[in-house]
Structure formats: structure tokens, C-alpha cells
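In: Can you look at this prediction? I've put the sequence above it.
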Amino acid sequence: MAIDKKKLKNTLFTILRIVISAGILIFLFKTQFKNFSEVADFFRHSHVKVWYIVASFLMYWIGIYLLVIRWQVMLKTQKINATFGFLFGSYLVGYFFNNFLPTSIGGDVYRIYDTSKLKNSSGMKATSIVLMERTTGVVSSIIYLFFALAIGFVKSSHVELMIGKWEVSNHLLIVLIIVFFIISILVILIMLFPDTFRLNKLFRKLKFLHRWESKLKQMYDTFKSFRKYKLILFLTILLSLLLQFAFTLNYSFAGIGFGITKLTLLSYIFIVQLCGILSMIPISIGGIGVREGTFVVLVGALGGEKNIATIVSIAILIIILVPGVIGGIVYALRPYIDKKRSARLADNNV
């Protein structure tokens with residue numbers, strides 16, 4: 001029996017991602033605690049502020065609410081109407097795919113599939129919108145990082161990280177932030193002005209893209225159409241800034257709740273944006289491990305307690321996994337919900 005090399009490669013890559021996620025989490029625990037009894041002692045002798053943990057949990061859900069609103073606004077620019085409930089459910093199922101199913105079907109892929117079936121939509125339209133939505137999210141993160149850089153936070157905080165034998169100093173961080181900012185602006189300009197960058201000619205020149213020509217044209221046209229909605233694009237970036245701030249408060253409240261007292265809100269703005277950007281690198285399952293490791297390293301570099309940061313990172317991970325659990329339930333019930341909706345629409349049309 002012939003071996004499907006592509007399937008084998010995907011399986012091996014998935015296993016590697018699981019190993020990386022688990023390995024980083026185990027490494028964090030082993031370097032900060034000798035055993036589970038130390039964790040128990042921490043909770044026994046520390047005064048955990050429960051209301052801050054509750055506030056942290058609520059901030060994460062507010063962030064998800066704003067994510068759905070942003071997605072809905074961008075869909076409406078293409079005359080794709082979807083109820084908030086439908087999109088909210090789709091986002092939760094996306095969390096389920098991202099965090100619980102080690103497959104190549106990520107949350108964004110599921111959301112694209114979900115909205116591609118709607119009236120006035122298509123696969124490439126849905127892809128273009130999710131891509132634009134993701135880009136505004138990254139731009140908002142870079143704006144926060146640039147803001148921290150502008151007020152001298154990076155320079156005044158003396159961030160010095162050691163990654164093995166490599167030293168990551170303030171100067172390198174400043175350069176990376178500026179580079180990220182320039183790339184983000186360039187990507188936005190490419191999406192808004194594809195003619196200027198001659199994307200259509202580029203698609204024609206690359207032979208391997210020829211079979212996708214009609215679909216790429218839809219994406220190209222979708223990008224062009226966003227120019228008519230400059231106010232809406234501004235609104236989506238504003239929503240991105242608000243939801244990033246909600247996620248920042250999610251970390252900040254959890255940090256205060258568990259006893260990290262040396263970090264300011266500005267410190268969390270810097271930390272959370274870097275955690276978010278680095279967790280997008282597809283080397284782990286849903287960014288698990290990379291996000292937590294980055295958080296602990298940065299908290300330690302800025303003067304916080306690494307052992308408490310490890311507990312905070314695990315608490316945040318649990319908060320992140322909760323929507324995925326709910327999304328799994330929604331996904332299991334989706335066939336029954338869709339069947340009921342179809343029956344109701346059929347009755348209305350009689």
C-alpha cells in the first residue's frame with residue numbers, strides 16, 4: 001500500500017507541534033517548581049484575590065465579544081449578513097479547532113468555511129475578510145508596541161533576555177518593533193491599493209497560481225472594495241485596539257490576583273502584544289506553550305516573579321480553553337441547530 005507522503009508529513013508536523021506545546025509547559029513547571037506540593041503551598045500561603053481572577057475571566061469574554069463585532073462589521077461591507085449569535089458560535093467552534101483538535105483545520109479555516117455558505121459570500125470572499133480582520137488585529141498590536149516604544153518604555157525598562165547563549169537586548173527589541181510596524185503598514189497598503197502594487201500582474205506571472213486565477217481575482221476585488229469603506233476600516237482598527245486592551249486587562253487582572261505587584265499596566269501592554277504575535281507562529285497547537293513561555297520570560301525580564309508568572313500563564317491558558325470547550329459543545333449540536341433552523345425557514349416559506 002502506497003504511503004500518502006503529504007498526509008504523513010502533516011501527521012509528523014502535528015505530533016511535533018504537540019510535543020513543542022507540552023515540552024514548553026513541562027519545562028516552565030520544572031524550572032519554577034520542584035513538585036506539585038510547591039504549587040499547593042503557594043495557594044495555601046498566598047492571598048489570591050478572587051475578584052481580580054473573575055474580572056480577568058470577564059475581560060477575556062469581552063475581548064471575544066469585540067472580535068465577533070469586528071468580524072460582523074467587515075462581513076457587512078461585502079453585503080454578507082450574519083447574526084451575532086451565528087458568528088459568536090462560529091468563533092467558539094474556531095477556538096475548539098485551534099486548541100483541542102491537533103489537525104490542519106484551524107479556527108480561521110473553520111470560520112471561513114462557515115461564512116462561505118452565507119448569501120452573497122464565497123470561499124475567497126470569506127478568506128479575504130478573515131485575512132483583513134487578522135491584519136487589523138496585528139496592526140493594533142504593533143500600534144501598542146510602537147506606543148510603548150514612543151514613550152520610552154522599552155528603553156527605560158532595560159529588557160535583557162537570555163535565550164540559550166543569545167542575548168536579546170533593548171536595541172534588538174526596538175529594531176524588531178519598528179520592522180513589524182513598517183511591515184504591518186505595508187501589508188495594509190497592499191490590501192487597500194492592490195493596483196498600485198500590481199497584485200493582478202503578480203498572480204498572472206506566477207505559474208503555480210494560474211489554476212487559482214478566478215478565485216484570486218475574487219480576493220483581489222474584495223481587497224479593492226475595502227477602499228470604499230475607510231470609515232469602517234478605521235472602526236475595525238479601533239475595535240481591534242479595544243479588544244487588545246481587554247486581553248491586556250485579562251492578563252493584568254490575573255497578575256494582580258495572583259500577586260505580581262512589580263508590573264504596571266504599560267508593562268502588560270508590551271508583554272501581551274509580544275505574546276500574541278509570537279503565538280501566531282505555527283510551531284505549537286493554538287500557540288500553547290509559546291504564549292506561556294514568552295509571558296514568563298518577559299515578566300521575569302521586567303522584574304516580576306517568574307514562579308507566579310508561571311501560575312498566571314497556566315490560569316490564562318485555562319481561561320482561553322473554556323471557550324474551546326463551549327465551542328466543542330456548539331459544534332456537536334450544530335447539525336441539530338441547523339436542521340431546526342432549516343425546518344423553521346421552510347415553514348415560513350409555506
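Out: Structure received.

In: where's residue 279 relative to residue 295, distance?
Out: Counting by CB to CB, to the nearest Å, the gap from residue 279 to residue 295 is 10 Å. Just so you know, the C-beta spots here come from the backbone N, C-alpha and C atoms, and that holds for glycine as well.

In: which stretches of the protein form helices?
Out: Along the chain, the stretches classed as helices by DSSP state H are 5-32, 36-45, 50-76, 84-100, 107-116, 123-150, 153-157, 170-192, 199-205, 213-225, 230-258, 265-278, 290-301, 306-349.

In: Nearest residue to residue 315 in space, please, no chain neighbours.
Out: With CB to CB, 6 or more residues apart in numbering as the criterion, residue 315 has its nearest non-adjacent residue at 5.5 Å, and that residue is residue 254.

In: what's the neighbour count on that neighbour?
Out: 25 (other CB atoms under 10 Å).

In: pLDDT score assigned to it?
Out: As predicted, residue 254 sits at a pLDDT of 94.

In: Check residue 322 too.
Out: Note on residue 322: pLDDT of 94.

In: for residue 268, same thing?
Out: 90.

In: Also the one 5 residues further on?
Out: Residue 273 carries a pLDDT value of 86.

In: OK, contacts around it?
Out: For residue 273, the contact set (CB atoms under 8 Å, 6 or more residues apart in numbering) comprises 141-142, 144-145, 244, 248.

In: follow-up on the earlier one: what would the helices of the chain look like in CSV with distance to residue 284?
Out: Shown next, in CSV, are those (distance: least, CB to CB, whole Å):
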stretch, distance to residue 284
helix 5-32, 4
helix 36-45, 23
helix 50-76, 20
helix 84-100, 11
helix 107-116, 14
helix 123-150, 18
helix 153-157, 26
helix 170-192, 20
helix 199-205, 31
helix 213-225, 28
helix 230-258, 18
helix 265-278, 10
helix 290-301, 5
helix 306-349, 12
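
In: circling back: ok, residue 279 and residue 295, which is more surrounded?
Out: Comparing residue 279 with residue 295 by other CB under 10 Å, the one with more neighbours is residue 295, at 27 against 20.

In: returning to what we had before: report the separation between the residue nearest to residue 315 and residue 44.
Out: For residue 254 relative to residue 44 (CB to CB), the value is 19 Å.

In: again, but for residue 64
Out: 33 Å.

In: Just want to know which of the two has more residues nearby.
Out: Comparing residue 64 with residue 44 by other CB under 10 Å, the one with more neighbours is residue 64, at 17 against 8.

In: Tell me the predicted confidence for the more buried one.
Out: So residue 64 comes in at 95 (pLDDT).

In: Return the member of the helices of the chain having the minimum mean pLDDT.
Out: helix 153-157 (a mean of 57).

In: Share the number of residues neighbouring the residue nearest to residue 255 when sequence neighbours are not counted, please.
Out: Distance criterion CB to CB, 6+ apart; nearest residue to residue 255, sequence neighbours excluded, is residue 312 at 5.4 Å. The number of residues packed near residue 312 is 28, by other CB under 10 Å.

In: And for residue 319?
Out: 19.

In: Tell me who's in contact with residue 23.
Out: Neighbouring residues of residue 23 by CB under 8 Å, 6+ apart: residue 289.

In: just to revisit the earlier point, pick the one among the contacts of residue 273 closest to residue 322.
Out: Residue 322 lies nearest to residue 248 out of those, by CB to CB, at 18.7 Å.

In: my guess is that closest one meets residue 267, correct?
Out: No - using CB atoms under 8 Å, residue 248 is not in contact with residue 267, being 10.0 Å away.

In: Residue 332 - how many residues pack around it?
Out: Neighbours of residue 332 (other CB under 10 Å): 11.

In: do you know how far it is from residue 68?
Out: Relative to residue 68, and taking CB to CB, residue 332 is found at 20 Å.

In: now do residue 334
Out: From residue 334 to residue 68 the distance is 17 Å (CB to CB).

In: Give me the nearest residue to residue 284, chain neighbours excluded.
Out: Residue 284 sits nearest to residue 21 (CB to CB, 6+ apart), 4.3 Å away.

In: ok, the one you found touching residue 279?
Out: No - under the criterion of CB under 8 Å, residue 21 is not in contact with residue 279, lying 10.6 Å apart.

In: any common contacting residues for these two?
Out: 286, 290.

In: sorry, back to before: what about residue 334 and residue 68, which has more around it?
Out: Neighbours per residue (other CB under 10 Å) separate residue 334 from residue 68, with residue 68 holding more: 20 against 14.

In: ok, now which ones touch the more buried one?
Out: 84, 87-88, 91.

In: Check those for burial and list the buried ones.
Out: By neighbour count, with 16 or more other CB atoms under 10 Å, the contacts of residue 68 hold 87-88, 91 as buried.
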